[in-house]
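A.B. asks: sequence-free structure coming up:
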């Protein structure tokens, strides 16, 4: 019996393909194999790294879905005019335009590999580690060794954090108190994804949040989602696969579908559940 | 049916967990929900997937639900992990999450401790729960208690949606007899040992009627013997509907003292029978219904306090009757058609918009 092959996506490459697109295509592995040379096999879809990519016009005439990368608003408009199925870009306003999809930028935070830790789980970690129950960390001036900052972000009841470190805090699901400038930098709203306070009130606000589990949980959840919308490839990859009409590879059948389900749940690659899923399906592989 | 809404028949799947060989309030609620949907003119069916509660296998069922094909107009998910179902029109009516991983973690009712495996399971479960519940177009819960937990633990808002208990059409009032009724399964969190321990302190002509079943029966009988009240403790075992209705009707009061209950059918059934409820201050969802001195008595949960409450009603049957009548009034609004209207309301609005 011939096993079904994974969907083929043809990469139409122009000079200097963007790293962001390469990373996104890599994240679409459960759905497809991306190749630059079709070798005579008709692809299920096309991804072009630019509106100037070689063979783009042929791809657009093929009737297959075509995603086109745009570096700026002008290229995005051109891609739409050309008839792209979806326009990919790191531009913040890409998603609100027709057929647009914002792609997480590279060099930012790898939110897909950071576990989201809700406040009540944080409390359990603190108890397990013999840490103070009301552990509020002010990262503006803390004696904690920088190497331990991720741990502190993962277990604190609330934190005071400004600047780029706010991204890490939100990725960990840490209830974060910050200043207006830092909130604006990441696009976070006061009372929704973060709590914004004046400099003199930051620590007190964080202490209040630490004592209010419902408020802390709401901030934790919303803050993490903000980071995922901006930086998660695991979130964007299945959306792009849907738009391009790609299904999880049948060649690897059951496990591919399970892996896709795990990816949609933002399950870290090292999670024990992935191991359980693989072991459960071992008897089915041949 | 809400006025002005034109509803077409929908194909609806009610999703729930299946704990093999166990049938309790959640199972009855699922069956009654399906029946109510059918009475409302829809096609409805129940989909259940077996589940295991030990932490090693806890997430297997959740992951399985992600792949279950659900060909219907909408799904209504109830107990963990059925709300992991994938469907474009998913409404959650949350009966309960996996409480051993949440508020009961670290207690005698949980295998979730402070070891690394427990913490990883807890973190992943809480994160997954939050994500899949966010997928729902609406999130309702069984009670304010469940909504409060969902907000505290997952940061998610939700709306309590109350429903009638089983036997709501049959329950009726009656005399205030010489027994107190405690119709719960013999599970640890139902704390029936409090009833048995209070029995020696209750007026001597009264006896306690427990139903069960459950693994703790031998322990309860042993306690009754030790306290020299075995002859005043009646354990009926399984009662059919008619027998249950008559036991409610003839009771002086209903004792319901669970620990942090989600909803509590026993409370509502007692009220429908016009009986006061004696409960405990830490009984959770029961306290959304029982108000001390209004329709029942709220104690501190000690055997002495429970016995004193029983004695008070025994000595003042008029009070028992007044409390019971107030209880009946308290639950008189509970109707299944209201529940169906709320669960389907967003979908019905879509249909109206399409017309």
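C.D. replies: That came through, no problem. None of the values given here were measured: they were computed from a predicted structure. Residues are numbered from 1 along each chain as shown, chains lettered A, B, ... in the order given.

A.B. asks: Tally up the residues packed near the residue in the stretch 101-250 of chain B that chain A sits nearest to, please.
C.D. replies: Using C-beta to the nearest C-beta, the closest approach of the stretch 101-250 of chain B to chain A is made by residue B:155 at 3.4 Å. C-betas here are computed from N, CA, C, even on glycine. Residue B:155: 26 surrounding residues under other C-beta atoms under 10 Å in any protein chain shown.

A.B. asks: Ok, the one 3 residues further on next?
C.D. replies: Other residues lying near residue B:158 total 22 when counted by other C-beta under 10 Å.

A.B. asks: doesn't residue B:97 make contact with it?
C.D. replies: No: counting by C-beta atoms under 8 Å, residue B:158 sits too far from residue B:97 to count as a contact (11.2 Å).

A.B. asks: For the closest residue to chain B within the stretch 51-200 of chain A, give me its contacts.
C.D. replies: Nearest to chain B, among the residues of the stretch 51-200 of chain A, is residue A:128, at 3.9 Å (C-beta to the nearest C-beta). For residue A:128, the contacting residues are B:114-115, B:119, by C-beta atoms under 8 Å, 6 or more residues apart in numbering or on different chains.

A.B. asks: what's the answer for residue B:37, then?
C.D. replies: Residues near residue B:37 by C-beta under 8 Å, 6+ apart: B:12, B:14, B:44, B:340.

A.B. asks: ok, and which of these reach chain A?
C.D. replies: With C-beta under 8 Å from any C-beta of the partner chain as the criterion, the contacts of residue B:37 include none near chain A.

A.B. asks: Name the member of these with the shortest distance to chain A.
C.D. replies: The closest of the contacts of residue B:37 to chain A turns out to be residue B:14 (C-beta to the nearest C-beta; 21.9 Å).

A.B. asks: So which elements touch whatever helix or strand that closest one lives in?
C.D. replies: Residue B:14 is part of strand B:11-18 when elements are defined by DSSP states H and E. Under the contact definition 3 or more C-beta pairs under 8 Å, 6 or more residues apart in numbering or on different chains; DSSP states H and E, strand B:11-18 sits against helix B:25-39, strand B:43-50, strand B:74-79.

A.B. asks: Of the ones you listed, flag the one that's most buried.
C.D. replies: Across these, the average number of neighbours (mean count of other C-beta atoms under 10 Å in any protein chain shown) peaks for strand B:74-79, which reaches a mean of 26.

A.B. asks: does it come close to chain A?
C.D. replies: No: contact of strand B:74-79 with chain A (C-beta under 8 Å from any C-beta) is absent, the minimum separation being 15.6 Å.

A.B. asks: which residues touch that strand?
C.D. replies: By C-beta under 8 Å, 6+ apart, the residues outside strand B:74-79 that reach it are B:10, B:12-17, B:26, B:29-30, B:33, B:47, B:83-85, B:87, B:89-96, B:136, B:343-344, B:347.

A.B. asks: Between strand B:74-79 and the strand holding residue B:14, find me the angle.
C.D. replies: Angle of strand B:11-18 versus strand B:74-79, following axes from the mean of the first three to the mean of the last three C-alpha atoms, to 10 degrees, is 20 degrees.

A.B. asks: shared neighbours, residue B:158 and residue B:97?
C.D. replies: In contact with both residue B:158 and residue B:97: residue B:150, using C-beta under 8 Å, 6+ apart.

A.B. asks: Please look at the residue of the stretch 101-250 of chain B closest to chain A and residue A:224 and confirm they touch.
C.D. replies: No: contact criterion C-beta under 8 Å: residue B:155 and residue A:224 do not qualify, at 9.5 Å.

A.B. asks: how deep is residue B:57 tucked in, by neighbour count?
C.D. replies: Counted with other C-beta under 10 Å, the neighbours of residue B:57 add up to 11.

A.B. asks: Residue B:122 versus that one, what's the distance?
C.D. replies: 15 Å (C-beta to C-beta, to the nearest Å).

A.B. asks: tell me the pLDDT at residue 36?
C.D. replies: No chain in the question, so chain A it is. On pLDDT, residue A:36 comes in at 82.

A.B. asks: let's do chain B instead
C.D. replies: Residue B:36 is assigned 96 on the pLDDT scale.
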